[in-house]
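Undergrad: Build me a structure from this.
(one chain, ligands or ions: 1)
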Amino acid sequence: MEIKSLTPALGAVVERVDTRLPLSGEEISRIRGWLMEYKVLFFRRQNLDYEEHERLAHYFGEPLCEPFVKNIPGHPGLSHVDRTPFFHSDLMQMEDPPLFSMLQMKSVPEVGGDTMFADLVTSYEALSEPMRRFLEELTGLYASRGYDFTTGGAEYAKQRAAKTGGNVEEILAAVQPHDHPLVRYIPETGRNNYWVSEAFTRSVNGLTEEESTALLVFLFRHQLDPKYVIRWHWEAGDIAFWDHRTTLHSGVADYGSSARNGVRATIAGGRPIPARACSN
Ligand SMILES: [Fe+2]
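TA: Numbers count the residues shown, from 1 in each chain. Here you go, the predicted model:
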């Protein structure tokens, strides 16, 4: 295997690997190391079937059955990808948000339909030290876009269940907002990075509404500076494998009604760990 980075800190292509075949322990740990370093990895034209995709994903963790989308029967943790043309990390409102996603694009538009990724580590580390120390003390309220505080998510859960055939109670439980630290600690790298997105971070706890809005507007703009963002142009069969703790991603909805279909494996995470001293 070889690694070719796309930018110094974000995004790299893993070459000379056929992921249809089982990987060795050494290969898995090298890929894991590159994922920690580059935050999103790409494997070109792999064309995995469901079993192969599932096997590859599960080298890196346990499957998470997503409550809001149609899961692929017989393949827990595999689901069809949704259109999400805004920057987010998946399911940030959940108490235990997912760790990684591994998306294989099956059919791609002739032009357009790229996916963008933003680097939450490099942009966080570019903040001044007093600002980072300030953020490390804070928690925020995370709620999904469809969540309406007046109805408590009941309407959303009903609509979603009708669309996906899922269970209303399970969806309702999974859509409930949670508090998370604004800055999380990544044990594998010993570093901290902020973990906020305009799509999910509704407010900062303990600040006035005016302070919270001003701070979040600043962070949302800062984190999407072009120097922290890459854009992947898909070919059918490509795989993107990314860490939800250290990146945001967004589809680019520029392909009209052309087909763009992908299958995603989601890998379960755990409670975000608050910032720790001694890193960055
Ligand atoms: Fe997503």
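
Undergrad: From the ion, how far off is L103?
TA: Distance of L103 to the ion, given as C-beta to the ion, to the nearest Å: 8 Å. Bear in mind the C-beta positions are built from the backbone N, C-alpha and C, glycine included.

Undergrad: For that residue, which non-adjacent residue is spatially closest?
TA: Leaving aside its chain neighbours, L103 sits nearest to R264 (4.5 Å; criterion: C-beta to C-beta, 6 or more residues apart in numbering).

Undergrad: The one you found: helix or strand, and which one exactly?
TA: Element membership for R264 (DSSP states H and E) is strand 261-267.

Undergrad: Check which helices and strands that strand sits against.
TA: Contacts defined by 3 or more C-beta pairs under 8 Å, 6 or more residues apart in numbering; DSSP states H and E place strand 261-267 against helix 50-58, strand 78-80, strand 100-107.

Undergrad: Need the contact partners of the longest one.
TA: Helix 50-58 has contacts (C-beta atoms under 8 Å, 6 or more residues apart in numbering) with 19-20, 22-23, 48, 63, 72, 74-75, 77-78, 100, 102, 104, 239, 263, 265, 267.

Undergrad: Can you get me a residue count around G165?
TA: Neighbourhood size, G165 [other C-beta atoms under 10 Å]: 8.

Undergrad: pretty sure it contacts K70?
TA: Yes: using C-beta atoms under 8 Å as the test, G165 is close enough to K70 to be in contact (6.8 Å).

Undergrad: Let me know which of the helices and strands packed on strand 261-267 is tucked in deepest.
TA: Mean neighbour count, computed with mean count of other C-beta atoms under 10 Å, is highest for strand 100-107 among the helices and strands packed on strand 261-267, reaching a mean of 22.

Undergrad: The stretch 1-150 of the chain: strands as residue ranges?
TA: 2-5, 12-15, 40-43, 78-80, 100-107, 115-119, 139-142 (DSSP state E, counting those that start in this stretch).

Undergrad: Generate a markdown table for those strands, with mean pLDDT and distance to E211 as supplementary columns.
TA: Shown next, in a markdown table, are those (pLDDT from 0 to 100; distance: least, C-beta to C-beta, whole Å):
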| stretch | mean pLDDT | distance to E211 |
| --- | --- | --- |
| strand 2-5 | 98 | 38 |
| strand 12-15 | 98 | 38 |
| strand 40-43 | 99 | 33 |
| strand 78-80 | 94 | 38 |
| strand 100-107 | 97 | 33 |
| strand 115-119 | 98 | 24 |
| strand 139-142 | 98 | 12 |
